[in-house]
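Asker: I would like the atomic coordinates for the input below:
(2 chains)
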Amino acid sequence: MTELPTILIAEDDDGHAFLVEDNLRRGGIHTSFLRFCDGQEVLDFLFGRTTEPMFDRSRAYLLLLDIRMPKVDGVSVLQQIKADPELHKLPVIILTTTEDPREVDRCHQLGCNIYLHKPVTFEAFSNAISQLGKFVSLLKVPRLKTEA
Amino acid sequence: MNSDLPAQSSAEIDAVVRELSDIKAALDAHSIVAITDAAGKITYVNDKFCEISKYSRDELLGQDHRIINSGYHPKSFFTDLWKTIRSGKVWKAEIKNRAKDGSYYWVDTTIYPFLGANGCPRQFVAIRTDVTQRKEDELRLKFLAEELAAKNKELETIVYVVSHDLRSPLLNVQGFGNALVRACGELKEKLQSVDDPDVKRLFDTEIPRALRFIGAGIVKMDGLLAGFLRFSRLGRVALQIQPLTADKLVNTAAQALRYQTEEAGAVLEIGKLPNCMGDATLLGQVFSNLIDNALKYRDPKRRCVISISGRIEDGHAIYSVGDNGIGIASEHQPKVFELFHRLNPKKTQGEGLGLTIAQRIVERQRGRIWVESRPDEGTTFFVSLPAVASREGSR
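Answerer: I've put the predicted structure just below:
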């Protein structure tokens, strides 16, 4: 059985963070979630500058990353992750409020794996998130450390 | 008198001299004139020269032109000047000079070398025109253009940021609205045994109605924000202007709307269209929008007929999309291109952006869009774009 990755949610809006997690759970994703309120928090975690929670390189993670966040925005976070020799293997899904084609292009260039627009029309948001849930459950997320 | 030359009467010589002095008078009347010797010493200035430089003739004669040097031009500018005229060629440029009182003026200058018998310049005639006003206007224009570009950019950024930031809380209203819908559903199940008519009314009518209005409001607002974002993005997309086969472009747009056309029972008549210069994708959007509008604002009393034709006029391809729909009253016509203006918000769908975007697209391609309409008879939209130059057209 494949172990589901721990889902990291980097999202400054409390409501969005709750809805994403809630919809994923309803979509059948039973795993642990870690919430970060801005880009700096998630970078501190990923680069091992925090002890609680502590980043465990032997486990599988998936990052849901919002673009517009205070302090360090999502694009910078993505840039730093993809520039790191080990962290670049971490799957990143960009969750964003607007689908600005320039922004989409930029994130793809930087190596984001999936770009998901937060839809607002009836049910679409939860549909997208639960689709994401199905996808996540199928995804073989690489561990960052190849040898244990 | 040299016996080799044909004898000339003094009357003939007088006539030539008079002619030359008339030409000089004409030149003096129009231009700022100075003459220097081969070394650059000023030997002649006309009144206009004195007037603009604010030096008297006595102060100027015997000086060289450094007296009016403004320091604006690099040394190489004057090195090039001297190299050119010393080799016997004409030199032209715009020069910034300084008058005696320290004020600056710009002159469009031509220096013409007069060659001596040995082929070397013996003197130089400088003819200048005052272009100070034009230079100032150019600077002002450049400044205004830069300011306008900055303002536009600022406006687009504001529109973008505002739309983005407004959409964020809207997502919460929607998401938690859904949570309420779900919670009410569960609650209703649990309260099935309760027979209170007030509880029934709340769950069957009041709560669903409130949630329905909230949902509709969200969808509406999301549409407006999406429209805003689309509009702000338009100013940033790079145009790909090329010769376009308008027949193909319009037919593709019409084809994409075939379902709506059939549903409306409309007839689309497309005549032979001249080609134009433009961006294929964006102009396709314009024609789709115009056809779509003609379908939306049709008159239910008669069969909808949309006719598209075109002609070439004065270097422009002018297309018309005409319908026999409900028409637009003359007092409303100027408003149709306004942002979010809708004539029939209740009856027709849309965010009220189509024509605003169409206008923006056409104007960015140096074109024009306008409307002619009579209520109860129909509306015709005209789009004028640069025609394909005949050389390019024959390729």
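
Asker: could you pull out the strands for the chain?
Answerer: I'll assume chain A. A:6-10, A:33-36, A:61-66, A:92-96, A:114-117 (DSSP state E).

Asker: you looked at the wrong chain, it should be chain B
Answerer: Under DSSP E, chain B gives strands at B:32-37, B:42-45, B:91-98, B:104-115, B:121-130, B:242-244, B:267-270, B:276-278, B:305-313, B:316-323, B:368-374, B:378-386.

Asker: now tabulate those in a markdown table and tack on mean pLDDT, mean neighbour count and distance to chain A.
Answerer: (C-beta placed from N, C-alpha, C; glycine too.) What follows is the strands of chain B, written out as a markdown table (pLDDT from 0 to 100; neighbours: other Cβ atoms under 10 Å in any protein chain shown; distance: least, Cβ to the nearest Cβ, whole Å):
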| stretch | mean pLDDT | mean neighbour count | distance to chain A |
| --- | --- | --- | --- |
| strand B:32-37 | 95 | 20 | 53 |
| strand B:42-45 | 95 | 18 | 60 |
| strand B:91-98 | 95 | 17 | 41 |
| strand B:104-115 | 95 | 18 | 42 |
| strand B:121-130 | 94 | 18 | 48 |
| strand B:242-244 | 90 | 15 | 21 |
| strand B:267-270 | 91 | 15 | 31 |
| strand B:276-278 | 92 | 25 | 21 |
| strand B:305-313 | 93 | 18 | 30 |
| strand B:316-323 | 94 | 22 | 28 |
| strand B:368-374 | 93 | 16 | 25 |
| strand B:378-386 | 94 | 22 | 25 |
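
Asker: could I get those strands as CSV with distance to B:Ser53?
Answerer: Shown next, in CSV, are the strands of chain B (distance: least, Cβ to Cβ, whole Å):
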stretch, distance to B:Ser53
strand B:32-37, 8
strand B:42-45, 8
strand B:91-98, 7
strand B:104-115, 8
strand B:121-130, 10
strand B:242-244, 52
strand B:267-270, 67
strand B:276-278, 48
strand B:305-313, 50
strand B:316-323, 48
strand B:368-374, 47
strand B:378-386, 46
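
Asker: residue contacts, residue 104?
Answerer: In the absence of a named chain, chain A is used. Neighbouring residues of A:Val104 by Cβ atoms under 8 Å, 6 or more residues apart in numbering or on different chains: A:Tyr115.

Asker: let's do chain B instead
Answerer: By Cβ under 8 Å, 6+ apart, B:Tyr104 lies in contact with B:Ser70, B:Tyr72, B:Lys96, B:Asn97, B:Arg98, B:Thr132.

Asker: how about those residues, which pair is most distant?
Answerer: Of all pairs drawn from the contacts of B:Tyr104, the one with the longest distance (Cβ to Cβ) is B:Tyr72 and B:Thr132, at 12.7 Å.

Asker: what's the neighbour count on the residue nearest to B:Asp247 when sequence neighbours are not counted?
Answerer: Distances taken as Cβ to Cβ, 6 or more residues apart in numbering or on different chains put B:Leu273 closest to B:Asp247, at 5.1 Å, once the chain neighbours are dropped. By other Cβ atoms under 10 Å in any protein chain shown, the residues close to B:Leu273 number 20.

Asker: so B:Leu273 sits against B:Ile318, correct?
Answerer: No. Using Cβ atoms under 8 Å, B:Leu273 is not in contact with B:Ile318; the gap is 10.2 Å.

Asker: hmm, back to that, would you turn the contacts of B:Tyr104 into CSV with distance to B:Gly327?
Answerer: Shown next, in CSV, are the contacts of B:Tyr104 (distance: Cβ to Cβ, whole Å):
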residue, distance to B:Gly327
B:Ser70, 63
B:Tyr72, 61
B:Lys96, 59
B:Asn97, 62
B:Arg98, 65
B:Thr132, 54
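
Asker: returning to what we had before: switch the strands of chain A over to CSV; also include mean pLDDT and distance to B:Ala389.
Answerer: Listed next are the strands of chain A as CSV, based on pLDDT from 0 to 100; distance: least, Cβ to Cβ, whole Å:
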stretch, mean pLDDT, distance to B:Ala389
strand A:6-10, 91, 54
strand A:33-36, 94, 58
strand A:61-66, 89, 50
strand A:92-96, 84, 44
strand A:114-117, 73, 42
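
Asker: hey, which of those is tucked in deepest?
Answerer: Comparing those by mean neighbour count (mean count of other Cβ atoms under 10 Å in any protein chain shown), strand A:61-66 comes out on top with a mean of 25.

Asker: pull the residues that contact that one.
Answerer: A:5-13, A:16, A:20, A:42, A:74, A:77-78, A:81, A:90-97, A:112, A:136, A:139, A:141, A:144.

Asker: just the pLDDT at the residue in the stretch 201-350 of chain B that chain A sits nearest to, thanks.
Answerer: Closest residue of the stretch 201-350 of chain B to chain A, Cβ to the nearest Cβ: B:Asp222 (4.5 Å). What the model reports for B:Asp222 is a pLDDT of 83.

Asker: does it touch B:Arg167 like I think?
Answerer: Yes. The criterion here is Cβ under 8 Å, and B:Asp222 meets it with B:Arg167 at 7.0 Å.

Asker: wait, does the top helix by length along chain B contact chain A?
Answerer: Longest helix in chain B by number of residues, with DSSP state H as the criterion: helix B:132-190. Yes. Using Cβ under 8 Å from any Cβ of the partner chain, helix B:132-190 reaches chain A at B:160, B:163-164, B:167-172, B:174-176, B:178-179.

Asker: if any of these are buried, put those into a PyMOL selection.
Answerer: Here is the PyMOL command that selects the buried residues among the residues of helix B:132-190 next to chain A (16 or more other Cβ atoms under 10 Å in any protein chain shown):
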select buried, chain B and resi 160+163+164+167+168+170+171+172+174+175+176+178
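
Asker: quick one: contacts for B:Ala34?
Answerer: Here B:Ala34 is in contact with B:Ile42, B:Tyr44, B:Val45, B:Asn46, B:Phe49, B:Leu60, B:His65, B:Val125, B:Ala126, B:Arg128 (criterion: Cβ under 8 Å, 6+ apart).

Asker: list the contacts for A:Asn113?
Answerer: A:Pro91, A:Val92, A:Ile93.
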